[in-house]
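Undergrad: how would this look folded up:
(one chain, ligands or ions: 1)
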Amino acid sequence: MEYRELGRTGEKVSTIGMGTWRFGTYRSQNERAEQLKALRSGVELGINLIDTAEIYASGRSEETVGEAVNEIRDKVFIATKVAPGHLHHDDVIRACAASLKRLGTNYIDLYQVHWPDSSVPIKETMGAMEELVKHGSVRYIGVSNFSVRQTEEARQALSTDEIVSNQVEYSLANRYVESEILPYCEREKLTLVAYSPLDRGHIAKSLPEGLLTKYRMTSAQAMLNWVTRNEHVVAIPKASNLSHIEENAESVRTRFKPDEYELISKG
Ligand code: NAP
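TA: Here you go, the predicted structure:
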C-alpha cells in the first residue's frame, strides 16, 4: 500500500481508503458479517483510512465501523462527518459525542463538515470544531463538498487549527474538481479526498486494453490508480465485497507513466 501525508499534518493515510456509505444496512446476518470482514481485511491489507458519516444508514455505518475496528483502533484513521443540519455550535458538539459513541472510540481522527450550509455562520461551526480538537475528541478538521471560496472562508474562521482536507467527488467520469479545487489543494497542501472514485460502480468499459494487460490491472484498479495520480489525492472507494477490497488495495502497487495517464484520461 502507498501512504500519503494528510495535508501538512505529518500523518500518513493510505492512498486507497475505504468508504462505508450504506454499511450497516443489510438483509441478513451473513451480509453484516461480510461488511465487518471486508473492513477488517482492508486493514490487514494496509488500508488505514476509513470514511463514514453520521448520516450514513442513520448512524449504523459508524456503528459498523466501530465494531469492525474495536480491537485495532490504533491501526486505523477514522474519518467521519457532521451533517449539514448540525452546524450550529451546540449541534456540532452533540453530533460529535453521538458519533464517538457509535464508533466506540474516544477520538475521531478527521472530523469533516459534510456539506456547507450558508444559513449558519462558518465561524460558529469552526469554533465548535476547534473546541473539539482542544478537548481531544477530534484530531484534525476537514470539509467536504466545499468550493475554493468556502474552503478559504472556513480556513479564515479558524484561529488555532487548520483545514487539512476537502472531500469531493472525483473520478474519470467526473473531473470538475480539476479546474479549481484540485489546483487549490496542491498549492495550499490540503488533501483532496476523492469520493465516488469508481463512479458509483460504473466501471469504465473502454480503458486501453494494452495498458491493462501491461500492468495486469482491472479497469477498476486503473480508475483508482488514475484518480490518485496526483500526490495530494487519496481515494475512498466503497466495497462491501471482499474480492473488491483486495482488488482496490492492490490498485496502486505500481504507477502508470505520465503519457499513459493521458491515454487513460481519453479512454
Ligand atoms: P464508489 O466507491 O465510486 O463505487 C462503489 C461501488 O463500486 C459499489 O457498488 C461497489 O460494489 C463497487 N466496487 C467497489 N470496488 C469495486 C471493484 N474493484 N470492481 C468493481 N466494482 C467495485 O461510490 P460511492 O460509494 O458513492 O463512494 C465511495 C465513498 O465515498 C462512500 O462510501 C462514502 O464514504 C463517500 N461519499 C462521500 C460523499 C460526500 O458527500 N462526502 C458522497 C458520496 C460518497 P460492492 O459494494 O459490491 O463491493
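Undergrad: Skip the chain neighbours and tell me the closest residue to whichever residue of the chain sits closest to the ligand.
TA: Here the chain gets closest to the ligand at one residue, Gly19, 2.3 Å apart by CB to the nearest ligand atom. Every residue, glycine included, has its C-beta placed from N, CA and C. Leaving out its chain neighbours, the residue that sits closest to Gly19 by CB to CB, 6 or more residues apart in numbering is Lys238, at 3.6 Å.
Undergrad: picking up where we left off before, residues in contact with the residue of the chain closest to the ligand?
TA: Applying CB atoms under 8 Å, 6 or more residues apart in numbering, we find Gly19 in contact with 51, 195, 236-238.
Undergrad: Let me know the distance separating it from Tyr170.
TA: 13 Å (CB to CB, to the nearest Å).
Undergrad: Kindly report the same for Leu6.
TA: Taken as CB to CB, the span from Leu6 to Tyr170 is 17 Å.
Undergrad: Helices of the chain, start to end?
TA: In the chain, the helices defined using DSSP state H lie at 29-44, 60-69, 89-103, 122-135, 148-156, 181-188, 209-214, 219-227, 242-249, 258-266.
Undergrad: tell me which parts of the stretch 1-150 of the chain are close to the ligand?
TA: For the stretch 1-150 of the chain, the residues in contact with the ligand (CB under 6 Å from any ligand atom) are 19-21, 51, 114, 144-145.
Undergrad: now these in CSV, with pLDDT and distance to Glu11?
TA: Below are these laid out as CSV (pLDDT from 0 to 100; distance: CB to CB, whole Å):
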residue, pLDDT, distance to Glu11
Gly19, 98, 19
Thr20, 97, 20
Trp21, 95, 23
Asp51, 98, 15
His114, 98, 21
Ser144, 98, 18
Asn145, 98, 22
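Undergrad: for the protein, what are the low-confidence residue spans?
TA: 267 (pLDDT under 70).
Undergrad: what's next to stretch 83-102, contact-wise?
TA: In contact with stretch 83-102 (CB under 8 Å, 6+ apart) are residues 53-55, 59, 62-63, 66, 80, 82, 106-108, 111, 113-117, 120, 124-125, 127-129, 131-132, 137-138.
Undergrad: Next, count neighbours for Glu246.
TA: Residues lying near Glu246 (other CB atoms under 10 Å) number 14.
Undergrad: Contacts only, for it.
TA: 41, 45.
Undergrad: and Ile141, what does it touch?
TA: 110-112, 126, 129-130, 133, 158, 161-164.
Undergrad: These into CSV, with extra columns for neighbour count?
TA: Formatted as CSV, the entries for those read as follows, by neighbours: other CB atoms under 10 Å:
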residue, neighbour count
Leu110, 26
Tyr111, 25
Gln112, 27
Met126, 25
Met129, 29
Glu130, 17
Val133, 17
Leu158, 17
Asp161, 17
Glu162, 16
Ile163, 24
Val164, 22
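Undergrad: For the stretch 151-267 of the chain, which residues are neighbours of the ligand?
TA: Checking the stretch 151-267 of the chain against the ligand by CB under 6 Å from any ligand atom, the hits are 167, 195-201, 203, 220, 236-241, 244, 247-248.
Undergrad: Pull out the buried members of the residues you listed.
TA: Buried members of these, counted by 16 or more other CB atoms under 10 Å: 167, 195-199, 220, 236-240, 244, 247-248.
Undergrad: is it true that Ile236 touches Asp51?
TA: Yes. Using CB atoms under 8 Å, Ile236 is in contact with Asp51, at 4.5 Å.
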